[in-house]
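Novice: What shape does this take:
(2 chains)
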Amino acid sequence: MTAPVRLSRRALLVGGAAGSAAVLFGTLSSSRATTAAPRAVNAFVRFGADGRITLVNPAVEMGQGSSTALAQVLADALDADWRSIEVAPAPYDDAYGNPHFGMRLVTADSAATSAFWPVLRNAGAQARAVLVWNAMQQWNCPAGQVRTESGQLLHADGRRLSYAELAPRAELPGLLSSLPALPPAPSRIVGRPLPRLDLADKLAGRAVYGVDARPPNALVAVLLPPDRLGATLAEAGDAAALAVPGVVKVLALPGESAPLAVIARDTWSALQGRRALRPRWNPPAAPYDSEAALRAFAELARAGATDAHIVRQRGAANAALPAGARRLQSLVLSRHVTHAALEPVNAMATPTWLNQGADIVSSTQAPSLDMRRAAQTAKRPPPVFNVQATLAGGAFGRRVDNEAAGAAAFLAMQLKGPVQVLQFVGDDIPHGQVRCIAAQLLEATLDAQGRITHWLHRTVGSATTARMFPDRFAKEGFDQTLVDGSEHGYDIAQQRIESVHRPLPVACGFLRGVGAGFNVFGIETLVDEAAAAAGQDPLAYRLAMLPEARARRVLQALGDSAAPAPAGSADGIAYMGFRGSHIALRARVARGEGGRPRVERLQFAVDAGRIVNPVLARCQIEGAALMGWSIAASEVLDFQDGRAVQRSVADYPLLRLPELPAVDCRFIDEAQGEPRGVGEIALPLVAPAVANAWARLTGRRLRDLPFSRAA
Amino acid sequence: MASTIDFQLNGRPTQLPVDEQMPLLWALRDHLRLPGTKPGCLQGVCGACTVHLDGAPARACQLPMAAVRGRAVTTIEGLPESLRERLQAGWTEHQALQCGYCQPGQCMTAAALLAQPVAPDASAVQAAMAGHLCRCGTGPRVVRAVQAAIALPARSAA
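Specialist: Next up is the predicted model:
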């Protein structure tokens, strides 16, 4: 249950602060900017003097469309006219905490729409009650005489008032308990495929991302990371850099193996200065080699580890095998991949009064974590920092641990002036964050009827939370994002699922789909192999093992739309429950160039609970599917001698337009219940569905990611 | 070497005292305060910084200011309203945008396609748009959006 939204004078002040933020960070030139202060009904709803209604959006908009979807949730409960709705990003305030993240300001885990659904329904209903109460005062009538309809207040005697007329002069009752208790408005806006609210501004180049939020007086800092992971600075070698016109300073960021920052008056000077740097680095003791590390992970996956976290133990650990049992074993290897979000990783920091703290503006997924980052890096208490999130130019998990916020806070306080830190995508590929390498050992034992009776799944990877929150990891002993996806829904009597963490010298981060991105590949390829060994249809085989009704419904929906694959191609399926949703995929695959799989079509059936906006949800399924196929087919970031082998966007093998398959998607039970996670769920299924189709087509099982590295 | 560069920017004569080697991208963003042109890979391979140079799409990150002297640059801010409306209609119909960061660049390439005397066919649209990287995965929708924009009647010049 979610606590009711507070309707307080403090919320009113929050609303006022949000007003200035909207002008600064909404669009570059807002034709609708008005001088009159908007009225804040609660933290999430503002009534503008022009009659428009603004959602103060608690979630960061990074492309997932939740700013539009959450506006729909609010407008639906408010019974507003959709055309009167606007969205402004929330300022930093506890009122905008995400219930999914313990009320911290974090947008991740496909949780924006699902977590804020009850909050914004409540906020919208409250704003509607305020309007009805105001109409009751004006008409001097009881609540029963007033109803609402799409932005209109209607009196039983035929009088009417529009929200736009009443909202700008709406008063809050002295006692909140005076608000009428109304039956909910009929739902008119949730479930409709409305166009995104941010489309026109983004297309026209008017939308303001973090990279655009630098005031004219601010300096620019670009970073030069150590030449190898773990190297430490011996000598900055900055004489030539400091001689570049426009370069102001070269500073080493704090930390053991930290970058140098070149600070200049403009971006070009900073980049020129960085090119002129000649630093000397002390080499790391053991330069990172990602293939050697993956081999070591594979050995550990085979041998087991005494410190493994037991994710699930069902049945007796050493139960005897049934007569006639067959055991299938699979060793699955997956390599580093990275986010490649196009907008630079960025943060703009301005020192506050007497250089005691800083105001930070950034394309961040996690203002609460940025504040913590800034405090750690600049050695100050967290409350002296304030973080305003902007639109993000792609995130995919990269901007949860937004180290630029720490760098910018540190530099601003060193320089005693405003500075923006930029790490361009070409630098973020070799020096940013990665999905960890992972080795998985899976075993399935089949009885004489071909049914799986014993299941073992051991994943050896590297925990992001061990790096980001070492104290919490030490206490809890596992990282849920490494476990994610391994907790399958198949009814198997004897199960053991283990998660093993080993640290790596590279910064492992959260990447769309997190652990499910490899764990589900392991599970769904082995279940498919078991179905083939049992001589059964892979869809029927899964259905026979899945008790959960929602799981069965998505698989059955796939079955409903089955047409046999034409000669020269084959279909493969995969299923997963994740983020409260259930999703199944059929991939149609043919032999492509170089004897590699070519995907002809990806066909999804999805139960993601109530779908607030079907077209935007479909876009998320498509986008995650295409990213999933790019990752499965070709993406890899290797490290040799402590350095990334792929040094730039041109080196990093992203799939591009002509190689992208058609994606279609059918939502099941989309008008019921509450919304569930959408943004990530398509990604993990692509690799296993394609591998399963490939096995059917060629008899060969793909067990390595990416497929371009298949042994 | 710093010198004054004369060029046309969005239809206006512009003079900018600047390092001749500075790419147009930084001149636009840092000196002329036109942030609609977005920095991406800085290698010319992602297309986020696409502008028009004498009417043809060009990567602003790869154009030193010396190469811009005496020429006409159009940025997303200077795109004619009639083209913008058609593109926006196509993009709206197909909801061909997510984070939007690559889209001003995509829009500039699409605008050049719309300005062709003979409407490009589907494969030509796909080939032109393949030069743009969209990590959100909007590529196929962008191709459909551009085709829809091409199919819309051009508003007659008033």
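
Novice: Show the pLDDT at the closest residue to residue B:122 other than its chain neighbours.
Specialist: In this structure, residue B:122 finds its nearest non-sequential neighbour in residue B:147, 6.2 Å apart by Cβ to Cβ, 6 or more residues apart in numbering or on different chains. Placement of C-beta: from N, CA and C, glycine included. On the pLDDT scale, residue B:147 is placed at 97.

Novice: you'd agree residue B:147 is in a helix?
Specialist: Yes: assessed by DSSP: H, G, I helix; E, B strand; the rest coil, residue B:147 belongs to a helix.

Novice: what about it, neighbour count?
Specialist: Applying other Cβ atoms under 10 Å in any protein chain shown, we find 20 residues neighbouring residue B:147.

Novice: And for residue A:306?
Specialist: For residue A:306, the neighbour count with other Cβ under 10 Å is 5.

Novice: Show me where the stretch 451-600 of chain A has its strands.
Specialist: For the stretch 451-600 of chain A, the strands defined by DSSP state E, counting those that start in this stretch cover A:452-461, A:494-501, A:569-578, A:581-591, A:597-607.

Novice: pull the CA atoms of the last one into PDB?
Specialist: This means strand A:597-607. Taking Å, rounded to 0.1, in the frame of the first residue of the first chain, the C-alpha atoms of strand A:597-607 are listed here in PDB:
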ATOM      1  CA  PRO A 597      22.200 -16.400 -37.800                       C
ATOM      2  CA  ARG A 598      20.100 -13.800 -39.500                       C
ATOM      3  CA  VAL A 599      16.900 -12.800 -37.600                       C
ATOM      4  CA  GLU A 600      13.900 -12.400 -39.900                       C
ATOM      5  CA  ARG A 601      11.300 -11.600 -37.200                       C
ATOM      6  CA  LEU A 602      10.900 -11.300 -33.500                       C
ATOM      7  CA  GLN A 603       7.400 -11.900 -32.200                       C
ATOM      8  CA  PHE A 604       6.600 -11.200 -28.600                       C
ATOM      9  CA  ALA A 605       3.600 -11.900 -26.400                       C
ATOM     10  CA  VAL A 606       3.700  -9.800 -23.200                       C
ATOM     11  CA  ASP A 607       1.800  -9.600 -20.000                       C
END
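
Novice: Distance from the chain centre to it, please.
Specialist: Centroid separation between strand A:597-607 and its chain, computed with Cα atoms, centre = their mean, to the nearest Å, is 21 Å.

Novice: Roughly how far does the residue of chain B found nearest chain A sit from residue B:103?
Specialist: Sorted by distance to chain A under Cβ to the nearest Cβ, the residues of chain B start with residue B:36, at 2.4 Å. Residue B:36 is 10 Å from residue B:103, where distance means Cβ to Cβ, to the nearest Å.

Novice: Settle it for me: which of the two has more neighbours?
Specialist: Taking other Cβ under 10 Å, residue B:36 and residue B:103 do not tie; residue B:103 has more neighbours (31 against 22).

Novice: who's in contact with the more buried one?
Specialist: Residues in contact with residue B:103 (Cβ atoms under 8 Å, 6 or more residues apart in numbering or on different chains) are A:202, A:203, B:91, B:97.

Novice: and which of these is nearest to residue A:562?
Specialist: residue B:97 (32.8 Å; Cβ to Cβ).

Novice: show me what contacts that closest one?
Specialist: Contacts of residue B:97 (Cβ under 8 Å, 6+ apart): A:196, A:199, A:202, A:203, B:91, B:103, B:138, B:142.

Novice: switch to 6 Å and redo it
Specialist: The contact partners of residue B:97, taken as Cβ atoms under 6 Å, 6 or more residues apart in numbering or on different chains, are A:199, A:202, B:91, B:103.

Novice: just to revisit the earlier point, could you check how far the residue nearest to residue B:122 is from residue B:123?
Specialist: Distance check for residue B:147 against residue B:123: by Cβ to Cβ, it reads 11 Å.

Novice: do residue A:657 as well
Specialist: Where residue B:123 is concerned, residue A:657 sits at a distance of 11 Å (Cβ to Cβ).

Novice: try residue A:236
Specialist: Residue A:236 is 52 Å from residue B:123, by Cβ to Cβ.

Novice: likewise residue A:466?
Specialist: 49 Å.

Novice: who's more crowded, those two?
Specialist: The neighbour count for residue A:466 versus residue B:123, taken as other Cβ under 10 Å, is higher for residue A:466 (21 against 10).
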